[in-house]
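Asks: Have a look at this prediction, sequence included:
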Amino acid sequence: MFRIILASSSPRRIELMSQVGLEVDSLRPIADESVLRHESPMRMVARLAREKALSLTPAGPKTAPPRSRTLIIAADTTVVAPDGKSIFGKPRNRKDAARMLRALAGKTHTVLTGYCIVEISRKPKRHTRVVSSRVRMRPLSRPQIERYIDSGEPNDKAGAYAAQGLGMALIEGISGSYTNVVGLPMAQLLSDLDKIFGIALFGRTPK
């Protein structure tokens with residue numbers, strides 16, 4: 001018997017977990033999402049995923065049934081600009097969203113998601129992984145960018161777009177995990193739950 005706590009209030013991550021048949025309790029984590037000086041994007045998403053998961057660790061034993069296993073899963077997703085250095089988080093305002101979309105239009109950028117799985121049991125365990133996808137966005141005119149911003153969709157999305165919403169019309173192609181771009185790389189996550197934590201939704205993975 002196991003229980004999964006998803007350290008996120010993101011409707012997209014909750015839906016992805018539900019689509020593969022995982023029932024989760026969603027709790028908002030406590031974490032300072034500031035970027036540290038000289039920190040690479042990959043190190044940042046890994047660190048933030050760990051901090052989010054560990055921020056909820058005390059909640060596990062208090063609410064889990066006796067003799068059960070509780071897993072906390074946390075994730076952090078960011079968009080790395082085509083220059084390979086600049087981090088595009090959630091836009092601060094309309095002007096910031098337009099700046100990001102202009103930089104991404106007609107070019108290829110990287111989406112990174114770090115996730116951390118923490119098991120609270122008699123034998124506690126922790127695992128962190130970062131998954132990378134490449135996204136090619138089609139060229140966009142200023143009016144197209146403005147209309148997309150008018151939809152409101154960019155407001156709370158890293159990189160100011162959503163691959164699963166209206167933003168899918170902006171994307172020419174994705175190399176790597178699509179669900180990673182949405183916010184949680186499900187194939188990799190399920191593989192780690194199976195191989196590392198012994199939780200297999202579709203049977204054991206062949207060795």
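Replies: That came through fine.
Asks: Identify the residue nearest the geometric centre of the protein.
Replies: residue 183 (3.2 Å; Cα atoms, centre = their mean).
Asks: Tell me which stretches of this protein form strands.
Replies: 2-6, 24-26, 69-80, 87-88, 108-120, 125-137, 171-175 (DSSP state E).
Asks: Check which helices and strands the fourth one sits against.
Replies: Using 3 or more Cβ pairs under 8 Å, 6 or more residues apart in numbering; DSSP states H and E as the contact definition, the elements that strand 87-88 packs against are strand 69-80, helix 94-104. (Glycine included, C-beta is placed from N, CA and C.)
Asks: could I get the ones you listed as CSV with distance to residue 119, mean pLDDT and mean neighbour count?
Replies: CSV is the format used below for the helices and strands packed on strand 87-88 (distance: least, Cβ to Cβ, whole Å; pLDDT from 0 to 100; neighbours: other Cβ atoms under 10 Å):
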stretch, distance to residue 119, mean pLDDT, mean neighbour count
strand 69-80, 5, 94, 24
helix 94-104, 36, 97, 18
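Asks: Check which residues of the helix ranked longest in the chain are buried.
Replies: Longest helix of the chain, by residue count under DSSP state H: helix 41-55. For helix 41-55, the neighbour count (16 or more other Cβ atoms under 10 Å) marks 41, 44-55 as buried.
Asks: And stretch 128-148, by the same measure?
Replies: 128, 129, 130, 131, 132, 133, 135, 137, 140, 145, 148.
Asks: now do stretch 82-89
Replies: Neighbour-count burial for stretch 82-89 flags 87, 88, 89 (criterion: 16+ other Cβ under 10 Å).
Asks: Identify the residues contacting it?
Replies: For stretch 82-89, the surrounding residues in contact (Cβ atoms under 8 Å, 6 or more residues apart in numbering) are 33, 35, 41, 44, 78-81, 100, 103-104, 107-110, 158-160.
Asks: if we go to 7 Å?
Replies: The contact list for stretch 82-89 (Cβ atoms under 7 Å, 6 or more residues apart in numbering) reads 35, 41, 78-81, 100, 103-104, 107-109, 158-159.
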